[in-house]
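Participant: Here is a sequence with its predicted model. Questions after.
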Amino acid sequence: MGNLRKKIYNISDKGGKRLGFDLPYFVENGFWVLLAQFVNLTASLVMSVVFARYLSKEIFGEYQLLLSFLGILAIISYSGLNTSIVRSVAKGFDYSYVKAVNFSFKKSLLAIPIFLALSFWYYYQENQELSIVLIVAGLMFSFIYAHNKWAAYNKGKAKFELVAKQQILQNITLNVLLIFAAVFFSENLFAITGIYLVVNAGFNTFWHFQTKKEITNKKVDDDCIPYGKYLTKMSLFSIFISYFDKIIIGIIDVKILAIYAIALKLFDVIKQIIKSFYSISFPKFAQKKIKIERYKILIIMLIGVLFTVVLYFVSKPVIIYFYTDKYAEVVDIFRKLIFVLPLIFVSPLFANKARAQKDKQRIVLANIFAPVLAVILSIIVFIITENIEYFVLVKVYILQVAYFIVLVPVFKRN
């Protein structure tokens, strides 16, 4: 193994010098990032297949609606602190992590009254099971979202192998238990959602205290929490746009949400893999200025085009085989979504660069202008056409095109 690792390093070192990349860094750390994503996303996809086969569309839709509520309310925990922690820890301010988590936990308690209000609403709508689930979600919220910043600390230390192993353990445990619940408690929303909430809260809390024990450096970056607040404010619309369409669809009909949730899930899996691979670039960008030439952008986009073509042709038989004909409508929606992938192959890299180097102009454009434009245009299209498919497609396309335009310097040397 040692000889193989040395050979891979030598090959990547030579290739990196020719291309102008620190390729050994990306190969070494990228392996662990991609391994974690492969295992985690495979487990997640298997879980979604089991859900599609065993759960009714109504239960599946309600589960997705809960995840959407959790996702959109993550802003309360100041989710921008995750990025800020990576930046501060990479600069040697280790104790900033503790300060940031304590701040996040206190702010996250605001989720309790919000989830109680949602619970009362669904109780009034005579959906008592979802009402109880929302109360539990409110109680677990701080432990899930305030304590999930352990990964940010380790990324700042460039401990991508450790993060990968911890994430793999957590996600495999979660998805195995969810699959068990789907098979044996397919009509019990409380059992399924309870597992999701308790497992995530338990693991994140455990990893948090393990990380906290390792910190001996008491240096604090005074800019960590203010910058985290800034990034949170900037990401408000981005988080909103990630979930608002699912919430609207779920309010209209949870059964329709089950169909769109699968198509968007598959699309998001691909986006997440790309973003996760690029996440290893953040400490590098935080430590020094790095130029990304235009020819490198074109190479990455070409890879994205080839990937999209292959994905288009293999998607139909794969989706039908795993999700069955019950979700045949997913194929058409997914195929329409993936045409924007070549842009997604580039934008996350420059998003990391902008956040790491505090490029506030691009941060504002990407996190306010792009989401607001996508929200406005998608809602207008929905009001005019009353077509859910157009609503979702317009949101995705406008958002990704806008991200690319504001983040990627295609017309000037960077």
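Facilitator: Yep, it's here.
Participant: residue ranges for the helices of the stretch 51-200 of the chain, please.
Facilitator: For the stretch 51-200 of the chain, the helices defined by DSSP state H, counting those that start in this stretch cover 57-73, 81-90, 96-108, 111-124, 128-145, 150-156, 160-184, 189-214.
Participant: ugh, wrong one, the stretch 201-350 of the chain
Facilitator: Going by DSSP H, counting those that start in this stretch, the stretch 201-350 of the chain shows helices at 224-252, 254-279, 282-287, 294-323, 329-337, 341-344, 347-356.
Participant: Mean pLDDT lowest where, among those?
Facilitator: Across the helices of the stretch 201-350 of the chain, helix 282-287 has the smallest mean pLDDT, namely a mean of 64.
Participant: Next, format the helices of the stretch 201-350 of the chain as JSON lines and append mean neighbour count and distance to Y403.
Facilitator: Every residue, glycine included, has its C-beta placed from N, CA and C. Formatted as JSON lines, the helices of the stretch 201-350 of the chain follow (neighbours: other CB atoms under 10 Å; distance: least, CB to CB, whole Å):
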{"stretch": "helix 224-252", "mean neighbour count": "19", "distance to Y403": "9"}
{"stretch": "helix 254-279", "mean neighbour count": "20", "distance to Y403": "11"}
{"stretch": "helix 282-287", "mean neighbour count": "19", "distance to Y403": "17"}
{"stretch": "helix 294-323", "mean neighbour count": "14", "distance to Y403": "14"}
{"stretch": "helix 329-337", "mean neighbour count": "19", "distance to Y403": "15"}
{"stretch": "helix 341-344", "mean neighbour count": "20", "distance to Y403": "7"}
{"stretch": "helix 347-356", "mean neighbour count": "23", "distance to Y403": "5"}
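Participant: Make TSV out of the ones you listed and add distance to N200.
Facilitator: Shown next, in TSV, are the helices of the stretch 201-350 of the chain (distance: least, CB to CB, whole Å):
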stretch	distance to N200
helix 224-252	17
helix 254-279	16
helix 282-287	23
helix 294-323	25
helix 329-337	26
helix 341-344	26
helix 347-356	24
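Participant: So which of the helices of the stretch 51-200 of the chain is the most surrounded?
Facilitator: helix 81-90 (a mean of 26; mean count of other CB atoms under 10 Å).
Participant: low-scoring stretches of this protein, by residue?
Facilitator: Residues of the chain that meet the criterion pLDDT under 70 lie in 1-34, 279-290, 410-414.
Participant: Mind checking which residue lies nearest the centre of it?
Facilitator: Centroid-nearest residue in the chain, with CA atoms, centre = their mean: Q272, separated by 5.9 Å.
Participant: thinking again about what came up before, any idea which of the helices of the stretch 201-350 of the chain gets closest to I379?
Facilitator: helix 224-252 (8.9 Å; CB to CB).
Participant: and the closest one, what does it pack onto?
Facilitator: The contact analysis (3 or more CB pairs under 8 Å, 6 or more residues apart in numbering; DSSP states H and E) places helix 224-252 against helix 57-73, helix 81-90, helix 96-108, helix 254-279, helix 360-364, helix 370-385, helix 388-407.
Participant: Try it again at 6 Å.
Facilitator: In terms of contacts (3 or more CB pairs under 6 Å, 6 or more residues apart in numbering; DSSP states H and E), helix 224-252 is packed against helix 57-73, helix 81-90, helix 96-108, helix 254-279, helix 370-385.
Participant: Any idea which of those helices gets closest to Q167?
Facilitator: Among the helices and strands packed on helix 224-252, the nearest to Q167 by CB to CB is helix 254-279 (9.7 Å).
Participant: Distance to V330 added to the helices of the stretch 51-200 of the chain, as JSON lines?
Facilitator: Listed next are the helices of the stretch 51-200 of the chain as JSON lines, based on distance: least, CB to CB, whole Å:
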{"stretch": "helix 57-73", "distance to V330": "12"}
{"stretch": "helix 81-90", "distance to V330": "31"}
{"stretch": "helix 96-108", "distance to V330": "34"}
{"stretch": "helix 111-124", "distance to V330": "27"}
{"stretch": "helix 128-145", "distance to V330": "24"}
{"stretch": "helix 150-156", "distance to V330": "30"}
{"stretch": "helix 160-184", "distance to V330": "18"}
{"stretch": "helix 189-214", "distance to V330": "21"}
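Participant: which ones are touching V340?
Facilitator: Y397, Q400 (CB atoms under 6 Å, 6 or more residues apart in numbering).
Participant: go again using 7 Å as the cut-off
Facilitator: V396, Y397, Q400 (CB atoms under 7 Å, 6 or more residues apart in numbering).
Participant: quick one: it from I262, how far?
Facilitator: 18 Å (CB to CB, to the nearest Å).
Participant: can you check Q166 too?
Facilitator: Relative to I262, Q166 is positioned 28 Å away (CB to CB).
Participant: what do you get for I273?
Facilitator: Using CB to CB, we find I273 at a distance of 17 Å from I262.
Participant: Any idea how many residues pack against L110?
Facilitator: 14 (other CB atoms under 10 Å).
Participant: Return the residues in contact with L343.
Facilitator: By CB under 7 Å, 6+ apart, the residues touching L343 are Q400, V401, F404.
Participant: ok, now with 10 Å
Facilitator: Each residue near L343 by CB atoms under 10 Å, 6 or more residues apart in numbering is listed here: M301, G304, Y397, Q400, V401, A402, Y403, F404, I405, L407, V408.
Participant: before we move on, back to that, tell me which of the contacts of V340 is nearest to L266?
Facilitator: Nearest member of the contacts of V340 to L266, counting by CB to CB, is V396, at 12.6 Å.
Participant: where's that closest one relative to Y312, distance?
Facilitator: From V396 over to Y312 (counting by CB to CB), the distance is 16 Å.
Participant: And for V89?
Facilitator: 41 Å.
Participant: quick revisit: make TSV from the helices and strands packed on helix 224-252 and add distance to F190 to it.
Facilitator: Converted to TSV, the helices and strands packed on helix 224-252 look like this (distance: least, CB to CB, whole Å):
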stretch	distance to F190
helix 57-73	11
helix 81-90	30
helix 96-108	23
helix 254-279	16
helix 370-385	32
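Participant: For I247, which of the ones you listed is the nearest?
Facilitator: Taking CB to CB, helix 57-73 is the member of the helices and strands packed on helix 224-252 nearest to I247, at 5.0 Å.
Participant: tell me the angle of that closest one relative to helix 111-124?
Facilitator: Orientation check (axes from the mean of the first three to the mean of the last three CA atoms, to 10 degrees): helix 57-73 against helix 111-124 gives 150 degrees.
Participant: Which secondary structure elements does helix 57-73 sit against?
Facilitator: Counting contacts by 3 or more CB pairs under 10 Å, 6 or more residues apart in numbering; DSSP states H and E, helix 57-73 packs against helix 23-54, helix 111-124, helix 128-145, helix 160-184, helix 189-214, helix 224-252, helix 254-279.
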